[in-house]
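*Asks:* Fold the following.
(chains A and B)
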Amino acid sequence: MPKLNSDQTVHIEKLLLKGARILDSAHKLDETADILIQKDTIQEISSIPSDTFKGTVLDCAGLVVAPGFCDMHVHLREPGREDKETIETGCAAAAAGGFTAVACMPNTKPPLDNRSLIEFVQERAEYLLTDVHPVAAITKGLKGEELTEMGELAEAGAVAFSDDGRPVFDSDQFRRALEYAGMFNRPIIEHSEELSLAEGGHMNEGFVSTQLGLKGIPPISEDIAVARNVLIAEYVGKPVHIAHVSTAGSVRIIREAKSRGVPVTAETCPHYLIFTDEMVKTFDPNKYKMNPPLRTEADRLALLDGLKDGTIDAIATDHAPHTIDDKDCEFDVAAFGIIGLETSIGSVLSHLVQNGKFKLPKIIELMSVNPRKILGLDPIEIKAGARANLTVFDPKAEWTVDPTQFKSKGRNTPFDGETFTGKAVAVLNKGMVYLGR
Amino acid sequence: MQLQSRHLLGLENVTRDDITLILDTAVSFKRVLERPIPKVPTLRGKTVVNLFFEPSTRTRISFELAEKRLSADSVNFSASSSSLKKGETFKDTARNIESMMIDFVVIRHSSPGAAHYLANNVKASIINAGDGAHEHPTQALLDLMTLRENRESLKGLKVVIVGDIEHSRVARSNIYGLLTMGAEVGVCGPSTLLPREVERLGATIYPHIEDAIAEADVLNILRIQLERQGKGLFPSIREYRNLFGVTRERVERAHKPLTIMHPGPMNRGVEIDSDVADSDASVILQQVTNGVAVRMAILYLLAGGKAMAEGEEHA
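*Replies:* You can find the predicted model right below:
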């Protein structure tokens, strides 16, 4: 096995993760031990002296080894907008950010609405460390008219269905989509937005939009759509996953639905947990324009409560790379979306864990265990004989975000220049290891 | 005393001292305008670009006159719209201006924040002549100047802004400026045209024009955009006039002497009747005159000019 250099992906022959804190919330595991990995499999977890060990040693003292993190909501832009991101650069960003798996949204050009496109995505990712799980379109061409051939798409490897970027506007169509996708045990991931209220808006509607004179997107445009989606999921008894929850109202509705046993799950994103619409006063769309928009402090606090009590199941990034030209312009002309793969772990550890609000096992649940469960992916176990699908991170390391160093083609991040405490160190998957910078 | 900023992007964060300095300086420039030859060499050699991405007649002419009275070299750039129409991007326009060694850019643009964007991207001093529904600081300053001329004090003065507050940059800048100067501000208009949480800006809401007129010292009546009717915001111009039109009949029921303002251009017979607009209570044309003086003062002060001593005249 070649030497383990930083910022390189190598195939594993024999690798010893020495002195790691192994944390696996699904299996209530929290112990410090050495992990011996051979090719793609964990051979042994015990105390293994490194001086007599014949193989590569990664000193993991002070580091956490967790089941591989999964970002269940990313935009890889390929095919169609390779100037914004490709599957290769997106996966490199995922690895650098500590993710071994991503679920990519189908709003590419053309959209992922047939078998050959699902296969195209999978082929592109075949030899990469990152598992790329395509989400297929709910409707052909994302037009909201005809259902895609979900049976074939599921068989080809689509893990869920979504018309992300747009909601399924027609309630009957949405009902049929849930019923139909349910036959294949695939959830619908719904971008919940009532367009008649939201269209033409550029930021949260509230006091700040009043100050700035920018057209607002009212929080009720999300709440109403979430309520509809939850009601339909309850009626047909099929699972719906609410994408990028941003409002206190959504949290309330989802909490109530869960308490009655409705099959609903939900994700939110680091930026909704950290920033509010006050940031839009900078008029910087490269950092602060996304959909749904940054909301108020009350929404932010409600989302944190929702994470805490299990109303929100997962943290995803909605990684949305854009070119500089799409972002360095007037606020109401700029594209929606920010990137997140390379800042997710750092921002979450800094803003959620460092201040004592959340413990590491909960973070692993939100960023690895639950997203995999929602997408129906095999659970990861850290034990002898299991496949090595691992994220290694340093909860204490300080580093400063420099977008020019990103693997992603996107530079549109609100964290530019911020110093984080907590950093992804390495990822292991498919018999490969990537050691970060 | 000098201004704290080299740009005038809005009034939200401009201090009482700076507003007072601008208004005092404008008074001395108004005297220049009253001379037989109303021109001073103050900005000789300075170059101003009037960058108008939205149609404007009076604001552009007012700025042009202010620039000419100060002997600045000025050029106009009018474009129908920005990058939305697949023309040159706003960024490239900004860069081109930067390359032409310009001292001032006066910008009117449909996007809120456009003036901020320029200020962050070019070295010239930026004057916001209206950015979408965000701010129009020179209009608010000329309104303040006009009020100072007609009323004893701004402090405690009750000004009610009437009309489409939601889409109005004039309303926002006036609210900021008036509150900073110690006035009280009310807003009056259809609920559909009041922005969310407007009262948190410090303005009182008057649902009925009659109540506004009963309590106000000043009405600042906004132009109602005729194209907004029938889009769910209000049913018709007719009903707007019935509910919010400032008519002689309504004005006659005022409890106190009322000052009537309008930033123009007026829709006579809609938001304001001719016998109100042309009455003795109206200061609408004075606003226009003061517009030139205020803009001269701003250009002078942003160029680094200092406060004039009492009685001092511009050479």
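*Asks:* Contact residues of chain B facing chain A?
*Replies:* Neighbours of chain A within chain B, by CB under 8 Å from any CB of the partner chain: B:12, B:82-84, B:89-91, B:109, B:111-114, B:116-117, B:131-135, B:167, B:169, B:172, B:195-198, B:200-201. C-beta: built from backbone N, CA, C; applies to glycine.
*Asks:* Can I get the buried part of those as one PyMOL selection?
*Replies:* Burial among those is assessed by 16 or more other CB atoms under 10 Å in any protein chain shown; the matching PyMOL selection reads:
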select buried, chain B and resi 12+82+83+89+90+91+109+111+112+113+114+116+117+131+132+133+134+135+167+169+172+195+196+198+201
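*Asks:* Just the ones of the residues of chain B next to chain A in helices?
*Replies:* Using DSSP state H to define helices, the subset of the residues of chain B next to chain A located there is B:90, B:91, B:114, B:116, B:117, B:169, B:172.
*Asks:* The last one touches residue A:214, doesn't it?
*Replies:* No - taking CB atoms under 8 Å as the definition, residue B:172 is not a contact partner of residue A:214, at 11.5 Å.
*Asks:* secondary structure element for the residue with the largest distance to the centre of chain A?
*Replies:* Distance from the centre of chain A peaks at residue A:52, with 40.0 Å (CA atoms, centre = their mean). Using DSSP states H and E, residue A:52 sits within no helix or strand.
*Asks:* Any figure for the gap between it and residue A:16?
*Replies:* Distance, residue A:52 to residue A:16, using CB to CB, to the nearest Å: 11 Å.
*Asks:* For burial, what's the neighbour tally of residue 159?
*Replies:* Unless you meant another one, I'm taking chain A. As a burial measure, residue A:159 scores 22 neighbours (other CB atoms under 10 Å in any protein chain shown).
*Asks:* actually chain B
*Replies:* 26.
*Asks:* Quick one: name the residues of chain A near chain B.
*Replies:* So chain A meets chain B at A:205-207, A:209-214, A:216, A:218, A:283, A:325, A:328-333 (CB under 8 Å from any CB).
*Asks:* In strands only, show me these.
*Replies:* Among the residues of chain A next to chain B, the members found in strands (DSSP state E) are residue A:216.
*Asks:* And the residues of chain A next to chain B, which of them are buried?
*Replies:* A:205-207, A:209-214, A:216, A:218, A:283, A:328-333.
*Asks:* Could I get the full set of strands for chain B?
*Replies:* B:47-52, B:73-78, B:104-109, B:125-131, B:158-162, B:184-188, B:203-206, B:218-221, B:259-261.
*Asks:* Next, the buried residues of the second one.
*Replies:* What that stands for is strand B:73-78. residue B:74.
*Asks:* between it and strand B:104-109, how many degrees?
*Replies:* If you take axes from the mean of the first three to the mean of the last three CA atoms, to 10 degrees, strand B:73-78 sits at 20 degrees to strand B:104-109.
*Asks:* any idea how far residue B:298 is from the nearest residue to residue B:8 once chain neighbours are set aside?
*Replies:* Distances taken as CB to CB, 6 or more residues apart in numbering or on different chains put residue B:127 closest to residue B:8, at 4.9 Å, once the chain neighbours are dropped. Separation of residue B:127 from residue B:298 (CB to CB): 6 Å.
*Asks:* between the two, what contacts are shared?
*Replies:* Common contacts of residue B:127 and residue B:298, defined by CB atoms under 8 Å, 6 or more residues apart in numbering or on different chains, comprise B:8, B:138.
*Asks:* Make TSV from the strands of chain B and add mean pLDDT to it.
*Replies:* Converted to TSV, the strands of chain B look like this (pLDDT from 0 to 100):
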stretch	mean pLDDT
strand B:47-52	95
strand B:73-78	91
strand B:104-109	96
strand B:125-131	97
strand B:158-162	98
strand B:184-188	98
strand B:203-206	98
strand B:218-221	98
strand B:259-261	98
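*Asks:* want to throw the ones you listed into TSV with distance to residue A:96?
*Replies:* Below are the strands of chain B laid out as TSV (distance: least, CB to CB, whole Å):
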stretch	distance to residue A:96
strand B:47-52	42
strand B:73-78	44
strand B:104-109	39
strand B:125-131	38
strand B:158-162	52
strand B:184-188	51
strand B:203-206	49
strand B:218-221	56
strand B:259-261	59
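*Asks:* pLDDT of stretch A:210-217, averaged?
*Replies:* Stretch A:210-217 shows a mean pLDDT of 98.
*Asks:* Ok, stretch B:235-250 next?
*Replies:* Here the average pLDDT along stretch B:235-250 is 95.
*Asks:* what's in contact with that stretch?
*Replies:* Everything outside stretch B:235-250 that qualifies as a contact, by CB under 8 Å, 6+ apart, is B:162-163, B:188-190, B:209-210, B:213, B:219, B:221, B:224, B:226, B:229-230, B:234, B:260, B:269-273, B:275-276, B:279.
*Asks:* Just the CA trace of it, in CSV.
*Replies:* The C-alpha coordinates for stretch B:235-250 follow below in CSV (Å, rounded to 0.1, in the frame of the first residue of the first chain):
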residue,chain,number,x,y,z
PRO,B,235,-59.5,46.4,-7.0
SER,B,236,-59.6,49.6,-8.9
ILE,B,237,-58.2,53.1,-9.2
ARG,B,238,-61.8,54.3,-8.5
GLU,B,239,-61.9,52.5,-5.2
TYR,B,240,-58.4,53.7,-4.3
ARG,B,241,-59.5,57.3,-4.8
ASN,B,242,-62.7,56.7,-2.9
LEU,B,243,-60.8,55.3,0.1
PHE,B,244,-57.4,57.1,0.1
GLY,B,245,-57.6,60.0,-2.4
VAL,B,246,-56.6,63.3,-0.8
THR,B,247,-59.5,65.6,-1.8
ARG,B,248,-60.3,69.2,-0.8
GLU,B,249,-63.3,67.9,1.1
ARG,B,250,-61.1,65.7,3.3
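*Asks:* Could you list the buried residues of it?
*Replies:* Result for stretch B:235-250 [16+ other CB under 10 Å]: buried residues B:237, B:240, B:241, B:244, B:245, B:246, B:247, B:250.
*Asks:* Same question for stretch A:174-193.
*Replies:* A:174-178, A:180-182, A:186-193.
*Asks:* so of those residues, which ones are in helices?
*Replies:* With DSSP H as the criterion, helices contain A:174, A:175, A:176, A:177, A:178, A:180, A:181, A:182 from among those.
*Asks:* where does the stretch 201-315 of chain B dip in pLDDT?
*Replies:* B:230, B:309-311, B:315 (pLDDT under 70).
*Asks:* isn't residue B:150 right up against residue B:259?
*Replies:* Yes - in this structure residue B:150 lies within contact range of residue B:259 using CB under 8 Å: 5.5 Å.
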